[in-house]
Each structure stands twice: as C-alpha cells, then as structure tokens.
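K.L.:
predicted coordinates and the sequence they were generated for:
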There are 2 protein chains.
Amino acid sequence: MAGATAPEPRLRADAERNAEQIRRAAIDAFHGRGLTVPLEEVAKVAGVSKGTIFNRFGGRIGLIEAVIEEVVATELYAIMDRTRSIGEPGERLRYYVTAVRDLQYRQPALVDTMLQVYPDSENLMAICHAGTEIHEELVTAGQSCGALRPEFTAEDLQVLLHDSALALKHGTRPRRADYDRRTTYLLDGIHAP
Amino acid sequence: MAGATAPEPRLRADAERNAEQIRRAAIDAFHGRGLTVPLEEVAKVAGVSKGTIFNRFGGRIGLIEAVIEEVVATELYAIMDRTRSIGEPGERLRYYVTAVRDLQYRQPALVDTMLQVYPDSENLMAICHAGTEIHEELVTAGQSCGALRPEFTAEDLQVLLHDSALALKHGTRPRRADYDRRTTYLLDGIHAP
DNA sequence: CCACAACTTGACTCACCGAGTCAGTTTACC
DNA sequence: GGTAAACTGACTCGGTGAGTCAAGTTGTGG
C-alpha cells in the first residue's frame, strides 16, 4: 500500500524534464496572457513542440489542471483566508472586493477563471464554487451588521466581479490609478446609504 | 438646383422594392440581435439573397449607415435632448445614465455602437462622438454643483457605460429588475459622498 | 553496444463561421 | 422580344488554433 502516488509507469528522463519545462512555461504564459494563450506559444517557451504538450497533458484542460494551483488558486485562496480573518463585516467585504479586483488586474488568468472560459476543467470550476460560497458569507454578514444595502444580493456581488472580469478581458486596460478609483466607486455604490 | 437628392440612376422597380425590404429587415434584425447579426439572416428575412444586400448597400457598413438612424440614433439623440433639458445637474446625470442603461438593455444595437464594433462606419463614430461630448458636459456640470464626487472624470463615465455595454454583450442577460437595481448601485457609487 | 520501446516532431487536417464574389439565370422595361 | 439591370447561391477565402499521426530520434535495460 506504499505506492498510492501514481499508477503511471515512470517517465523516461527526457520526458520528465520536458514535462517540467512545460509546466513552468505554462505558468509563465498563463500569468502573462491568460488561460487562452495558444498552446503553441507555451510549447515554444518550453522549448518543445506542441505535440509534446498533448503527449504529456492531453491538451489545454489537462495542462490547466496541472498548473492552476500555482497560477491563481494559491493567491486567490489566500485572499479568501485573509478575508475571513477580518472581524468587521463591512471591512471584510471591502477588503475582498479590493483584493480580487487587484488580482484580476494583475492576473489575466484569474479573469479567465472567473469567466469560466473552460467549464470542463474541474479545478477551475472548484475555484468558482469557492467564490460563490464566500460571496454568500460576505453578503449575509455585511447585511446583518448594516454595512451593505439591504437589497444587495450575493448574486449582485457575483455579477459585479464577473463584470469587472469582462471589462478587463474585452475592454481597454485602464491605467492602474483609474482602475483603483473605479473600485472605490463600486464599493461606495453597494455600501448602505 | 432642384435635384440635389441623388446622382444615382433610378433603380428598377424590383430593385427599389428589395432595397426597402432589406432596410426593414435590417432594422428588425439589428434591433433583435445587434449590429453583428449575419447578413445572410437579414437577407432571409427580407426575402432576398445575400448577394442583393451587397448589390444595393455594398456590405454591412453601408447597410448600417442606411438604417442606424432608425435603429438607435433617433432614440439615443432623444435621450440626449431630454437630458439637456433637465435643470438640476445631479438629476440630469441620473436621468442620462438610467436612460442609456435602459436603452442598452433593450437594444443590442446600441451596445454594438458603443463598443465601436464597426469603426469604419462614419455614422456610428459620429454617435460615439456625440456621447463623449455630452459626457463631458454632464461631468463638468455635475461637479460644479457638487452632485458628483470631485475625482470623477468624463472618462470614468465613458468607461462606466462602456463596461455596461460589455456586460450585456458578453455576460448572461440579467432579469430586468436585477439590472435596474444594479443601475442604482452605479449611480450611488459616483454620487458625491 | 544494440534493439526497441518511449518519446518527440511539425506538417497536416479539421473546424469554424460568415464576408464577399461572380457566372449563370431571371426579370423589368422600352 | 431584345437588352440591360438585377438576382441568385454555390463557391472561395481568411484567419486562427486545436488536435493528429507517420516518420524520425533518443533513452534505457540487457
């Protein structure tokens, strides 16, 4: 019962090396250009051919599953943890929205994740699900302490962040200062009057 | 000097009839599905073949130029007029944003117009330009009377409405009540504290 | 050192989707 | 009824990137 790790027959040394280079290249490429970057580009950076990515990972979904942790999950989950550690519900929500908008701005991959560009990836959907959950917590708490307008729903929060993602995906990338200023408009708009 | 109307040699009766049917079909189709509706679909509704649209209008841009007035320009300009007739700057801005968001919701063609999907259409660009102008007026007035937060810029307003358009274009269409509620969040977010 | 399985390669096929074309046909008009 | 105008719709094109696979290369165990 010792080897519960992998049913896969060991890879040859060169294959192992290539797989690792592909992973690293994918992390870089996903960071820089989002999850939709052409696989050929990932291959080029990794110094292999496109076919090798298919051999090793089975395609884009497999590759995403293999690296999404390092690309966005870790950072996003850290935000959720820090959020939950904040006592005051109003401040908690403010922190969360600000931090997610910040991460969206810095990481196109988070945008693609939140837009559910690849609904076939289980890991991706798990991340979205975690998002939905914390949104419900935040809204419930925010309302019971009167920090949020009473008609504001968890779906509103979902949509707000989804629309943020859309703007970054399809719009012109704003200067950072403008983006941050607009974050405060959003926050003030959902705050209790 | 009487005939300054058209240098075009008169169309044959059938061509004239078809052109009119195409115009009507285009207005319908643009209303229902936005300016990006496949021309083949417009042709089908008009009861002609795609080729005829090219014969008569030269392609999508020409067709848009021929009908954009009835599709969105009239309604949008009416909004601008009514906006300018409102005395109180705060209320003026509130009316404008609400009315434009309403029209965006009802008319996918306005969304496409504001997203500048066809920058080659002069009429379309003229509409955008008119938008930019009124945005500047509104923000200047709104600020000098203290209804708007002082850091809010005309570009912020532009982006706000642009992002609204993006959300409708690429997102899931919200129920009307949800959409309207979110309009009030936006308005409250840009209002002076 | 060799034999062979594992691995890599990159040119190829596929799919998508609608714009725009044009040779052949139909139709209005004189 | 002759002719030019108009219509048709099958066809080409374009751009992009996923996914395949026959042929070539390389690591490895004996």
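P.N.:
Noted; the coordinates are in hand. These numbers come from a predicted model, not from an experiment.

K.L.:
hmm, the lengthiest helix in chain A in reach of chain B?
P.N.:
The longest helix of chain A (DSSP state H) is helix A:122-144. No. Helix A:122-144 does not reach chain B (Cβ under 8 Å from any Cβ of the partner chain); its nearest approach is 13.1 Å. Any C-beta I mention is one placed from the backbone N, CA and C, and that applies to glycine too.

K.L.:
any low-confidence regions in chain A?
P.N.:
Scanning chain A with the threshold set as pLDDT under 70 gives A:1-9.

K.L.:
who in it is up against chain B?
P.N.:
A:149, A:151-152, A:155-156, A:159-160, A:162-163, A:166-167, A:169-171, A:174, A:178, A:181-182, A:185-190, A:193.

K.L.:
just the buried members of those?
P.N.:
For the residues of chain A next to chain B, a neighbour count by 16 or more other Cβ atoms under 10 Å in any protein chain shown gives the buried set as A:149, A:152, A:156, A:159-160, A:162-163, A:166-167, A:169-170, A:174, A:181-182, A:185-190.

K.L.:
burial check on the nearest residue to A:Arg33 once chain neighbours are set aside, number of neighbours?
P.N.:
Counting by Cβ to Cβ, 6 or more residues apart in numbering or on different chains, A:Arg33 lies nearest to A:Pro108, which is 6.2 Å off, once chain neighbours are set aside. A:Pro108 has 22 neighbouring residues, counting by other Cβ atoms under 10 Å in any protein chain shown.

K.L.:
distance check, A:Pro108 against DNA strand D.
P.N.:
From A:Pro108 over to DNA strand D the distance is 14 Å, taken as Cβ to the nearest atom of the strand, to the nearest Å.

K.L.:
residues in contact with that residue?
P.N.:
Applying Cβ atoms under 8 Å, 6 or more residues apart in numbering or on different chains to A:Pro108 gives the contacts A:Phe30, A:His31, A:Gly32, A:Arg33, A:Gly34, A:Leu35, A:Leu168, A:Lys169.

K.L.:
how close does it sit to chain B?
P.N.:
15 Å (Cβ to the nearest Cβ, to the nearest Å).

K.L.:
returning to that earlier point: quick check: buried residues in the longest helix of chain A?
P.N.:
A:123-124, A:127-128, A:131, A:134-135, A:137-139, A:141-143.

K.L.:
next one: stretch A:77-84
P.N.:
Applying 16+ other Cβ under 10 Å to stretch A:77-84 flags A:Ile79, A:Met80, A:Thr83 as buried.

K.L.:
list phi and psi for the one residue in chain A that gets nearest to DNA strand C.
P.N.:
With Cβ to the nearest atom of the strand as the measure, A:Gly51 is the residue of chain A nearest to DNA strand C, at 2.4 Å. The phi/psi pair for A:Gly51 (degrees, to the nearest 10) reads phi -50, psi -40.
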